[in-house]
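J.: I would like to see how this sequence folds:
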Amino acid sequence: MYLTEVLAEHIATIAGRKPPPEVRDVVMRCILDLIGAALAGHRSNGPAAARQAAPKIFGSGRAPIWLAGQTSTSAGAIFCNAAAACALDIDDGHRAARGHPGSGVVTTALTLGAASGSGADDVIAAIVAGYDVGVRVAAAQNPSGIPTRQSGRWISMATAATAAALFKLEPPAVAEALSIAGVLAPNQQANGSSGYSTLTGNDVKEGIAWSSAAGVMAIELARYGHTGPLDLLDHSGFYDPHRILAGLGQRWEISETYFKPYACCRYIHPALDRLLELVERHHVKPGHIVSIDIQTSGGP
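T.: The predicted structure is shown next:
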């Protein structure tokens, strides 16, 4: 079997039973964290532009766009909601993935769940599946073949897994959807902290919103017979198969999710902790500071 087919069977297994009790608490924390991030980022420039553009790009539909009194197609609503969730860089993170699964996975599960009237257990199982597939794929990326570490590279596969679990799709179609999603995701070579552009801080960010929508589009394409390269993950120059399969069905990647105290990349958090400590201890005022030199970790 190709790895996309193995993961498709794994998604079906998760969807076919109640979520493991040990992950329910962390799923609820991920949901609450995501809602808070989306509330905070709702009025930012990128999400506001996404909501204005959504009718022209995606058309009309019944899926809810949060806090806007608008609806769109499933892909359109997910695009807008994910844009709000990731706008301030305060959405959750995962060290193994070196990225942000929640803004794509939780957004997709909640948006599709609301539009379809899905039950709580189905939504929770979909979130578990999305994190498990997305993080495994992200952690397995070989930097020599995939030099960018931006979340948009793999979020599409995570949201495809989320939608597949929620709708309980048959594994053959899910394998095709994962393959399609892995190809159509934005490559992010230009943007972000590991991209070649020096003009960071723009609204494109890591491509999470578009990649989230692409994953749901891939599901719909696969439903109607569209195909992708099923061997997408089976090339060691690009993905480590052992990392994808390690503990599959026994260890849940969502359990290692972390939540941010600051709206920035986690590499900056220790420096902020020390800065706040020094300010409080020495009563430092902005005018006292001439320059700041920071050392931080560069690994996962």
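J.: so where's this protein uncertain?
T.: Filtered on pLDDT under 70, the chain yields the residue ranges 192, 298-300.
J.: ok, the closest residue to G207 other than its chain neighbours - how many residues close by?
T.: In space, G207 comes closest to G152 once its chain neighbours are excluded; the distance is 2.6 Å by C-beta to C-beta, 6 or more residues apart in numbering. All C-beta atoms are positioned from the backbone trio N, CA, C, and that covers glycine. For G152, the count of nearby residues is 27 (other C-beta atoms under 10 Å).
J.: Surely G152 is within a helix?
T.: Yes - according to DSSP: H, G, I helix; E, B strand; the rest coil, the state of G152 is that of a helix.
J.: Let me see the contact set for it.
T.: Each residue near G152 by C-beta atoms under 8 Å, 6 or more residues apart in numbering is listed here: 185-186, 188, 206-208, 210-211.
J.: For H226, see how far away it is.
T.: Shown here: G152 relative to H226, a distance of 21 Å by C-beta to C-beta, to the nearest Å.
J.: same thing with S118?
T.: The gap separating S118 from H226 is 24 Å, by C-beta to C-beta.
J.: Look up phi and psi at Y239.
T.: Torsion angles at Y239 (phi, psi; degrees, to the nearest 10) stand at phi -140, psi 140.
J.: Run a quick neighbour tally on it.
T.: The burial count assigned to Y239 is 23, neighbours taken as other C-beta under 10 Å.
J.: That one bridge partners, please.
T.: On the basis of DSSP bridges, Y239 takes part in beta bridges with Q141.
J.: wait, it sits on Q141?
T.: Yes - counting by C-beta atoms under 8 Å, a contact exists between Y239 and Q141, whose distance comes to 6.3 Å.
J.: So the residue nearest to G207 versus H282, what's the distance?
T.: When C-beta to C-beta is the yardstick, G152 and H282 sit 41 Å from each other.
J.: just S144 next, same as before
T.: From S144 over to H282 the distance is 45 Å, taken as C-beta to C-beta.
J.: ditto for S212
T.: Spatial separation of S212 from H282 under the definition C-beta to C-beta is 44 Å.
J.: Check G145 too.
T.: Computed as C-beta to C-beta, the G145 to H282 distance reads 48 Å.
J.: How about V216?
T.: 51 Å.
J.: sec struct for the closest residue to R136 other than its chain neighbours, please.
T.: Spatial nearest neighbour of R136, excluding adjacent residues (C-beta to C-beta, 6+ apart): I244 at 4.8 Å. Under the three-state scheme (three-state DSSP), I244 adopts helix.
J.: show me the contacts for I244.
T.: Shown here is I244, whose contacts under the criterion C-beta under 8 Å, 6+ apart are 3, 6-7, 136-137, 140, 233.
J.: Now which of these would you call buried?
T.: Neighbour-count burial (16 or more other C-beta atoms under 10 Å) applied to those gives 3, 6-7, 136-137, 140, 233.
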